[in-house]
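Undergrad: sequence and predicted structure are below.
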Amino acid sequence: MSSTLNQQWRHTEQCLSSVCVCVHIIRTHLLRAFAGTYRVLSKGAAACPSGLEIKTITECESALKQLGLSHSNNWNGSVSTIPRQCSHGTGHDMIWNRAPTGQGRADIRPICKAGVHVSQPEFANCSLGTQ
């Protein structure tokens, strides 16, 4: 009886260990995902990922405030040679580009919604299963 209880305890301990690992992975991803509402892409990036674009000039200004970026020298226009929508750059703090298409430029960083990015492969290791 004692050996059966020890085996059950080890199995329970392994399952609990798996749960702890899974909870840690999920918690880490959620903390990263919700660390902020907005994020700054690298200089030269062409655009925000699909669905993470800032849609209004008012939200662009709010995003820059939240990120602690200056937004006093603003540019509002429509050109295809810079990223679309909300950006922060040299010469103009806040850039709002209404153009339907755009491209990256070495001195401009697109500002995007942070979104929730969860990597499925890490969650695949979170099954308890039975032994």
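TA: It's in.
Undergrad: tell me what the helix or strand Cys112 falls within is packed against?
TA: Element membership for Cys112, per DSSP states H and E: strand 108-113. Secondary-structure packing of strand 108-113 (3 or more Cβ pairs under 8 Å, 6 or more residues apart in numbering; DSSP states H and E): strand 38-40, helix 57-67, strand 85-89. Heads up, the C-betas are built off the backbone N, CA and C, glycines and all.
Undergrad: and the ones you listed as JSON lines, adding distance to Ala47?
TA: Converted to JSON lines, the helices and strands packed on strand 108-113 look like this (distance: least, Cβ to Cβ, whole Å):
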{"stretch": "strand 38-40", "distance to Ala47": "13"}
{"stretch": "helix 57-67", "distance to Ala47": "14"}
{"stretch": "strand 85-89", "distance to Ala47": "8"}
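Undergrad: single out the most deeply packed of these.
TA: strand 85-89 (a mean of 25; mean count of other Cβ atoms under 10 Å).
Undergrad: model confidence over that strand, on average?
TA: Model confidence over strand 85-89 averages 96 on the pLDDT scale.
Undergrad: pull the helix or strand just after that strand out as CSV, backbone CA atoms only.
TA: Using DSSP H and E, the helix or strand that follows strand 85-89 in sequence is strand 94-97. This file holds the C-alpha atoms of strand 94-97, laid out as CSV (Å, rounded to 0.1, in the frame of the first residue of the first chain):
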residue,chain,number,x,y,z
MET,A,94,4.1,63.0,-34.0
ILE,A,95,3.5,62.0,-37.6
TRP,A,96,0.0,61.2,-38.8
ASN,A,97,0.1,59.9,-42.4
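Undergrad: show me the shaky parts of this protein.
TA: Applying pLDDT under 70 to the chain flags residues 1-35, 116-131.
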